[in-house]
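Visitor: No sequence on hand, only this structure:
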DNA sequence: TGGGTTTGTAACTTTTGTTGTTGCGTAAGG
DNA sequence: CCTTACGCAACAACAAAAGTTACAAACCCA
């Protein structure tokens, strides 16, 4: 099953936007993420509805942050993109008649629910400012900001198997 | 993203096999799960390699359990089917050059790793005998075993939205 | 007002992974 | 030797994210 990268992408964008003066167009953002402008608009729409970003049309338009990163958690962003399914494993059937399958779903569901609860709690604990701070530390170590200077991430479609 | 139902299915099968005298053919199992015999063989192959089940060809052949349910945990079964990815959300890129993306991946990865650890711990805590016991309780309440008497689960492809 | 810029959206294609299907080989048994 | 089953490879169907195309709507500036 393919993984949904929308959350990761939105986090990435928001932090870049914070380090950016003025607004960024979908085109520019798509360039940073090595992605498609329309896909960016599609995904950012959720953030706009929540009031986390604003978009403006026409000359000098684009996207701007409308609240500080310290007031945004991973959970906020996750919810803004529509709370997509967290797990790639799950029951074969949601409303089984078979009592065995009901018991299986209950056991599996309990474990998954617990893990999801923990995950969302962790998401709620981390603000985008925390991530930005981690970025600053990484940059201090490296000595320079290599983000988006040249080659973008091209490793995405490389097979994981050796 | 579509959910992987192999774990759920294998749990379902194993418990039925335990309540079954003798062996069950792929055809019969596929009937119980409302699935395809070839898919069953494909998935059960992993369980066979681990020694959890045996398969025999020819007349009277089929699949049989080769160890008690109390000695099988959800984790064992999960590993037997090849430890498929647990999460449907994940990073856009595994080896990003961008330091922002590295920081995002670190934060996201930490939360996901913690949730996965908890999930697999829970999987390790639950034996198939536990699930079978839960089934017995459900049957006691209902008064009869309605499992696979008539209609199978057909709700699978029904839209979740109202 | 007119033209270029940029978002908003719908429709369609591409891609990736699970599931389903077909076909043929092999082993077991009567 | 013929039927029953599994083993396996190759391919089709399907679902969901991502990419693409096309066009409308809003905005800014000259």
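Guide: Sure thing, it's come through. Values in this document were obtained by computation on a predicted structure and should not be read as measured data.

Visitor: For the rest of this, base every contact and every neighbour count on C-alpha atoms.
Guide: Will do.

Visitor: which residues in chain A form helices?
Guide: A:6-18, A:26-33, A:37-50, A:74-80, A:99-125, A:128-142 (DSSP state H).

Visitor: Show me what the first one is packed up against.
Guide: Helix A:6-18 is packed against helix A:26-33, helix A:37-50, strand A:62-65, helix A:74-80, helix A:128-142, helix B:99-125, with contacts defined by 3 or more Cα pairs under 8 Å, 6 or more residues apart in numbering or on different chains; DSSP states H and E.

Visitor: Measure how the second one sits relative to helix A:26-33, angle-wise.
Guide: Pointing back at helix A:37-50 there. If you take axes from the mean of the first three to the mean of the last three Cα atoms, to 10 degrees, helix A:37-50 sits at 100 degrees to helix A:26-33.

Visitor: I'd like the helices of chain A as JSON lines, with distance to DNA strand C, mean pLDDT and mean neighbour count appended.
Guide: Output for these, formatted as JSON lines (distance: least, Cα to the nearest atom of the strand, whole Å; pLDDT from 0 to 100; neighbours: other Cα atoms under 10 Å in any protein chain shown):
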{"stretch": "helix A:6-18", "distance to DNA strand C": "12", "mean pLDDT": "96", "mean neighbour count": "22"}
{"stretch": "helix A:26-33", "distance to DNA strand C": "4", "mean pLDDT": "95", "mean neighbour count": "18"}
{"stretch": "helix A:37-50", "distance to DNA strand C": "5", "mean pLDDT": "97", "mean neighbour count": "17"}
{"stretch": "helix A:74-80", "distance to DNA strand C": "14", "mean pLDDT": "97", "mean neighbour count": "21"}
{"stretch": "helix A:99-125", "distance to DNA strand C": "14", "mean pLDDT": "96", "mean neighbour count": "20"}
{"stretch": "helix A:128-142", "distance to DNA strand C": "22", "mean pLDDT": "93", "mean neighbour count": "17"}
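
Visitor: any idea how far residue B:87 is from residue A:86?
Guide: 6 Å (Cα to Cα, to the nearest Å).

Visitor: ugh, wrong one, I meant residue A:107
Guide: Taking Cα to Cα, one finds residue A:107 at 18 Å from residue B:87.

Visitor: for residue A:73, same thing?
Guide: 20 Å.

Visitor: cool, residue A:21 as well?
Guide: 35 Å.

Visitor: Looking at the two, which one has more neighbours?
Guide: More crowded of residue A:21 and residue B:87, by other Cα atoms under 10 Å in any protein chain shown: residue B:87, with 19 against 9.

Visitor: Next one: residue A:108 relative to residue B:106, how far apart?
Guide: From residue A:108 to residue B:106 the distance is 28 Å (Cα to Cα).

Visitor: what's the answer for residue A:8, then?
Guide: For residue A:8, the distance to residue B:106 - Cα to Cα - is 11 Å.

Visitor: and what of residue A:14?
Guide: Taken as Cα to Cα, the span from residue A:14 to residue B:106 is 16 Å.

Visitor: now do residue A:71
Guide: Residue A:71 is 20 Å from residue B:106, by Cα to Cα.

Visitor: One more: residue A:105?
Guide: The value you get for residue A:105 to residue B:106, if Cα to Cα is used, is 32 Å.

Visitor: same question, residue A:78
Guide: In terms of Cα to Cα, residue A:78 sits 16 Å off from residue B:106.

Visitor: likewise residue A:32?
Guide: For residue A:32, the distance to residue B:106 - Cα to Cα - is 19 Å.

Visitor: Could you pick out the residues of chain A near DNA strand D for me?
Guide: Applying Cα under 7 Å from any atom of the strand, we find that chain A lies next to DNA strand D at A:2-6, A:34-39, A:56-61, A:84.

Visitor: Now render the helices and strands packed on helix A:6-18 as a markdown table, adding distance to residue A:120.
Guide: Formatted as a markdown table, the helices and strands packed on helix A:6-18 follow (distance: least, Cα to Cα, whole Å):
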| stretch | distance to residue A:120 |
| --- | --- |
| helix A:26-33 | 25 |
| helix A:37-50 | 18 |
| strand A:62-65 | 23 |
| helix A:74-80 | 6 |
| helix A:128-142 | 15 |
| helix B:99-125 | 9 |
